[in-house]
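[1] next comes the sequence, and after it the predicted model I'd like to discuss.
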Amino acid sequence: MNKKLLYLFLFILAGCNESKKKSPTVFFSGEIVNPTSKHLVLYKGDVVIDSSTLDKDNMFSFKLDSIEDGLYHFNHSPEYQYVYLEKGDSLLIRLNTVDFDESLVFSGSGEEINNFMIEIYLACESEVRLINEYYGLGPKDFTRKIDSLERTKIDLLNNLKVESTFSAKASEIAEANIVYNYATFKEKYPFKHRWYLEKKNDSQIVQGFLCVSRKPYLWQ
C-alpha cells in the first residue's frame with residue numbers, strides 16, 4: 001500500500017476510535033461455546049443491568065446507553081466473571097464453558113484492561129497451592145512472600161500502562177483488583193497459620209497479624 005494512503009487510513013481509523021470513545025453507548029457481545037444456559041445477565045454489584053438471550057449461534061449482545069464507567073460482572077449460570085466497561089467501548093468476548101475462566105478472551109475496544117484482569121485472576125488462582133505452603137511461615141516471611149507476588153503484578157500493570165491508553169479509573173480498578181487479591185491471603189493468615197501450627201503440634205501460635213486495612217476497594 002502507498003505510504004501516504006496507509007498514513008491516511010491510520011489517521012481516519014484513529015479518528016473513528018476517538019469518536020467511539022466519546023460516545024455514551026457501550027456494545028458488549030460475544031459467543032458462548034457449550035452454553036449451560038439460554039441467557040447471559042449483566043450486573044453492576046447486585047443490580048441487574050440487562051439480560052440477553054443466546055441466538056441460534058450461541059451469540060449474545062448488549063447495547064448499553066449512558067452507563068457508568070466501572071466494573072460489572074456477567075452471569076452465565078452457574079458461572080460468572082467480571083468485565084470492565086467504559087463509555088464508547090465495543091467489547092467482544094469468546095469463552096467455552098468447559099474451561100470458563102481459562103478460555104475467556106476479550107477483543108475490541110477495552111480488551112487490554114479486561115484481558116489483563118483475567119490474567120491476574122488466573123495467576124492468583126494458580127498461586128493458591130504455593131501460598132498455602134507459605135502459611136507455615138512466620139508473619140514477616142509470609143508478608144515478604146505475598147508482597148513480592150503483589151509487586152510483580154503491579155509491575156506488569158505499570159509496564160502495560162506505558163504501552164496502552166488506560167483511563168485513570170481503569171488503572172485504579174486494575175491495581176485495586178491486585179491489592180484486593182493479596183489482601184485476602186493476608187487476612188486468612190492468622191487462621192491458616194494457627195491451623196498449620198496445631199497440625200504440627202506447635203504451641204507458638206501467632207496472634208494479632210490481621211494487618212490488612214479495611215479501606216474500600218474500587219469495585220463500583
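    Arrived safely, thanks for sending. Residues are numbered from 1 along each chain as shown.
[2] only C-alpha atoms for contact and neighbour calcs from this point on.
    Fine.
[3] show me what the longest strand belonging to the chain is packed against.
    Longest strand in the chain, counting residues (DSSP state E): strand 25-33. Contacts defined by 3 or more Cα pairs under 8 Å, 6 or more residues apart in numbering; DSSP states H and E place strand 25-33 against strand 59-65, strand 90-96.
[4] out of the ones you listed, which one sits most buried?
    Among those, strand 90-96 has the highest mean neighbour count (mean count of other Cα atoms under 10 Å), at a mean of 19.
[5] relative to strand 25-33, how tilted is that strand?
    Orientation check (axes from the mean of the first three to the mean of the last three Cα atoms, to 10 degrees): strand 90-96 against strand 25-33 gives 10 degrees.
[6] buried residues, stretch 141-151. List them.
    142-143, 146-147, 149-150 (16 or more other Cα atoms under 10 Å).
[7] using CSV, write down the CA coordinates of it.
    Extracted C-alpha coordinates of stretch 141-151, given in CSV (Å, rounded to 0.1, in the frame of the first residue of the first chain):
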residue,chain,number,x,y,z
ASP,A,141,8.5,-14.0,56.0
PHE,A,142,4.9,-14.6,54.9
THR,A,143,4.3,-10.9,54.3
ARG,A,144,7.5,-10.6,52.3
LYS,A,145,6.5,-13.5,50.1
ILE,A,146,3.0,-12.1,49.5
ASP,A,147,4.3,-8.6,48.9
SER,A,148,6.7,-9.9,46.3
LEU,A,149,3.9,-11.6,44.4
GLU,A,150,1.8,-8.5,44.6
ARG,A,151,4.7,-6.3,43.4
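[8] neighbouring contacts of that stretch?
    131, 134-135, 178-179, 182, 185-186 (Cα atoms under 8 Å, 6 or more residues apart in numbering).
[9] switch to 7 Å and redo it
    134-135, 178-179, 182 (Cα atoms under 7 Å, 6 or more residues apart in numbering).
[10] now do residue 17, the pLDDT please.
    With respect to pLDDT, residue 17 scores 51.
[11] which residues touch the residue most central in space within the chain?
    A centroid search over the chain (Cα atoms, centre = their mean) returns residue 117, at 3.1 Å, as the residue closest to the centre. Contact analysis of residue 117 by Cα under 7 Å, 6+ apart lists residue 174.
[12] that one is in what secondary structure piece?
    For residue 117, the host element (DSSP states H and E) is helix 111-126.
[13] break the chain into its domains for me.
    What automatic domain parsing lists as the domains of the chain is 3-109, 110-220.
[14] chain center to the last one: distance?
    A distance of 14 Å separates the centroid of the chain from that of domain 110-220, by Cα atoms, centre = their mean, to the nearest Å.
[15] quick one: mean pLDDT over it.
    pLDDT averaged over domain 110-220 gives 83.
[16] ok, stretch 55-64 next?
    94.
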